[in-house]
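Asks: Got a predicted structure plus its sequence, pasted below:
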Amino acid sequence: MSSVTFPQDFLFGTATASYQIEGNCIHSQLWEDERKQPERFPDKSGNACHFWELYPQDIELFHSLGWKVFRMSMEWSRLEPEHGVHDEKALARYLDMLERVAGHGIRVSMTLDHWSRPLWFEKEGGFHKRENLRYFLDYINYIVPKVKDYVDSWIVLNEFTNDGMDRKNFGILKNLTVAHGYGYHAVKQHTHAPVSSTHALIAWAAENPQDSLDRLAAQMRDWSTNAYVLHALKTGEMVLPYMDGEYLPELKGSYDFWAINYYTRHYASARKGDMSGERYPHNRFRMIDRPFFLEEFYPDGLVEQLPRFQDKPIWICENGVCAEDDRFRIVYLAQHLMALREAMRRGCDVRGYLHWSAMDNWEWGSFKPRFGLVGVDFESQKRTVRPSALFYKEIIAHSGITEAMVEKWLRPLCDFKTYPIR
Ligand code: BGC
């Protein structure tokens, strides 16, 4: 590994989502799902990181770790627990949270929808019905003016393109795309801050690269995820396999930057109904005691895929790894930042990097996957600053990874004899 330097104005930070950290989001559909579907949610979110109570000291800690940007979301279900009924106390608490973040000179990237929606909205059919979009737009028109002075950039929807993974979800994928388009314009009515939605960028690989059908399967999945969103946001056309195309003028150009979440690559197989391929056994790192999609590091995906997003600035809004052993996180972070720098050297206009995640959290049904730079003991709610957080702090202080840092942090991880790359 070699040293890398980022531009002085490049911004480093971390990302979170309200439902995963706050705890007790009792008016969310997810809260009910957790109770009704124990097999899908082996661990209940409960207090999660208890961020709703502990945020003052957490924000102090985040500041002490040198983070310059904090990506967070607000719970729509807290702010509007019943249709048309707004909880002023919840709003006051979010305002206090934002004031503390801003008071520490940390910029806020705000997500309006990170998968958790009010129970009343889901009972109406949620985003499955296009006419329900008006509820989301009402919420945007309520909340954005209230908090806009604290927010530097907006994410309307988190990873709505995940639904492009499965043909059964193409209907809701289109509805979410429409929600993004109208949501973009609704936010823009109230603020000049840049607006986008995060895209889960996946590097697709054919399970058997020699097999032309596997290669087509990889292209097909790339179409319904990556190419779909690129085309839709650039042109306003929603084009998906097996569906009639649809044009929505509001969609065209509805992004001020590309908000990219990147974790790893995935394989496609033409011999599976859902086209999902198997990861090669020799590429599997079992970093936790259960199968998890992050079993392979593939930083090259950033170099290969980011050049597709040329026309607007890029922000990496999530990138991270779950590991019991924090040394994996140190390596993952170093490799992905080096790959990101390489993508920038090749012309990608990347402005910032937000690591997922600030702290261990409720990973949509389980507390096992530990993504945090800061560790959380979910019993005692004690926070532990991991070595990777200290490594990241040095990266931020130096705007990159110096040779001395490679010596200090990475060389001790292996006792092979290695030489600096010139
Ligand atoms: C989501 C996060 C999640 C992370 C790790 C992302 O797709 O936005 O909420 O915790 O992946 O699985």
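Replies: Everything's here; your move.
Asks: ok, and for the helix or strand that contains Ile330, which residues are buried?
Replies: Per DSSP states H and E, Ile330 falls inside helix 326-345. For helix 326-345, the buried set under the neighbour-count rule, 16 or more other CB atoms under 10 Å, comprises 326-344. Bear in mind the C-beta positions are built from the backbone N, C-alpha and C, glycine included.
Asks: residue ranges of the helices in the stretch 201-350 of the chain, please?
Replies: In the stretch 201-350 of the chain, the segments counted as helices under DSSP state H, counting those that start in this stretch are 212-222, 228-235, 300-305, 326-345.
Asks: burial of the residue lying closest to Asp274 once chain neighbours are set aside, as a residue count?
Replies: Nearest non-adjacent residue to Asp274, counting by CB to CB, 6 or more residues apart in numbering: Asp166, 6.1 Å away. By other CB atoms under 10 Å, 14 other residues sit near Asp166.
Asks: With Gly125 instead?
Replies: 11.
Asks: Run through the residues that contact it.
Replies: Asn132 (CB atoms under 8 Å, 6 or more residues apart in numbering).
Asks: Tell me the spacing between it and Tyr135.
Replies: Going from Gly125 to Tyr135 by CB to CB, to the nearest Å gives 10 Å.
Asks: quick revisit: okay, the residue nearest to Asp274 and Lys36: tell me how far apart.
Replies: According to CB to CB, Asp166 stands 22 Å off from Lys36.
Asks: Over to Asp149?
Replies: 39 Å.
Asks: Same question for Glu122.
Replies: 12 Å.
Asks: who has more neighbours, those two?
Replies: Applying other CB under 10 Å to Glu122 and Lys36 shows that Glu122 carries more neighbours, namely 18 against 8.
Asks: Report the separation between the residue of the stretch 1-150 of the chain found nearest the ligand and Asn361.
Replies: Closest to the ligand within the stretch 1-150 of the chain is Ala17: 4.9 Å, counting by CB to the nearest ligand atom. Applying CB to CB, the value for Ala17 to Asn361 is 8 Å.
Asks: So which bits of the stretch 301-422 of the chain are right by the ligand?
Replies: Proximity of the stretch 301-422 of the chain to the ligand, by CB under 6 Å from any ligand atom, involves residues 318, 356, 363.
Asks: how about TSV for these, with pLDDT, distance to Asp289 and neighbour count added?
Replies: Shown next, in TSV, are those (pLDDT from 0 to 100; distance: CB to CB, whole Å; neighbours: other CB atoms under 10 Å):
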residue	pLDDT	distance to Asp289	neighbour count
Glu318	98	23	26
Trp356	98	21	23
Glu363	98	14	18
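Asks: want to throw the residues you listed into a markdown table with distance to Phe297?
Replies: Below are these laid out as a markdown table (distance: CB to CB, whole Å):
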| residue | distance to Phe297 |
| --- | --- |
| Glu318 | 15 |
| Trp356 | 14 |
| Glu363 | 18 |
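Asks: quick check, nearest of those to Glu394?
Replies: Ranked by distance to Glu394 (CB to CB), these are led by Trp356 at 19.4 Å.
Asks: For the closest one, which non-adjacent residue is spatially closest?
Replies: Gly320 (3.6 Å).
Asks: Tell me who's in contact with that neighbour.
Replies: By CB under 8 Å, 6+ apart, the neighbours of Gly320 are 263, 329, 332, 355-357, 371.
Asks: ok, now with 7 Å
Replies: 355-357, 371 (CB atoms under 7 Å, 6 or more residues apart in numbering).
Asks: Just the closest of these to Val303, please.
Replies: Looking across the contacts of Gly320 and measuring by CB to CB, the closest to Val303 is His355, at 18.5 Å.
Asks: Assign the closest one to helix, strand or coil.
Replies: strand (DSSP: H, G, I helix; E, B strand; the rest coil).
Asks: My read is that it contacts Ile316, right?
Replies: No. His355 is not in contact with Ile316 according to CB atoms under 7 Å; the separation is 8.7 Å.
Asks: Up against the ligand, what does the chain have?
Replies: Checking the chain against the ligand by CB under 6 Å from any ligand atom, the hits are 17, 158-159, 200, 261, 318, 356, 363.
Asks: Out of these, which is nearest to Phe292?
Replies: Closest approach between those and Phe292, by CB to CB: Glu363, at 8.7 Å.
Asks: Figure out the helix or strand that that closest one lives in.
Replies: Counting by DSSP H and E, Glu363 is found in no helix or strand.
Asks: list the contacts for it?
Replies: Applying CB under 7 Å, 6+ apart, the residues contacting Glu363 are Pro369.
Asks: one more time with 8 Å, if that's ok
Replies: 20, 322, 369, 371.
Asks: okay, these in TSV with neighbour count and pLDDT next?
Replies: Listed next are the contacts of Glu363 as TSV, based on neighbours: other CB atoms under 10 Å; pLDDT from 0 to 100:
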residue	neighbour count	pLDDT
Gln20	24	98
Cys322	24	96
Pro369	23	97
Phe371	22	98
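Asks: Could you tell me which residues make contact with the nearest residue to Tyr298 once chain neighbours are set aside?
Replies: Leaving out its chain neighbours, the residue that sits closest to Tyr298 by CB to CB, 6+ apart is Arg265, at 4.1 Å. Contact analysis of Arg265 by CB under 8 Å, 6+ apart lists 202-205, 296, 298, 301.
Asks: pull the helix or strand with minimum mean pLDDT from this protein.
Replies: The helix or strand of the chain with the lowest confidence, counting by mean pLDDT, DSSP states H and E, is helix 403-405 at a mean of 94.
Asks: for that helix, packing partners?
Replies: helix 387-398 (3 or more CB pairs under 8 Å, 6 or more residues apart in numbering; DSSP states H and E).
Asks: Give me the angle between the helix it packs on and helix 326-345.
Replies: Going by axes from the mean of the first three to the mean of the last three CA atoms, to 10 degrees, helix 387-398 is angled at 30 degrees with respect to helix 326-345.
Asks: List the contacts of helix 387-398.
Replies: Applying CB under 8 Å, 6+ apart, the contact partners of helix 387-398 are 5, 12, 65-68, 326-327, 329-330, 333-334, 337, 355, 373-374, 401, 405, 409.
Asks: hmm, 7 Å instead?
Replies: 12, 65-66, 68, 326, 329-330, 333, 337, 355, 373-374, 401, 405, 409.
Asks: Could you pull out the buried residues of it?
Replies: For helix 387-398, by 16+ other CB under 10 Å, it's 388-389, 391-396.
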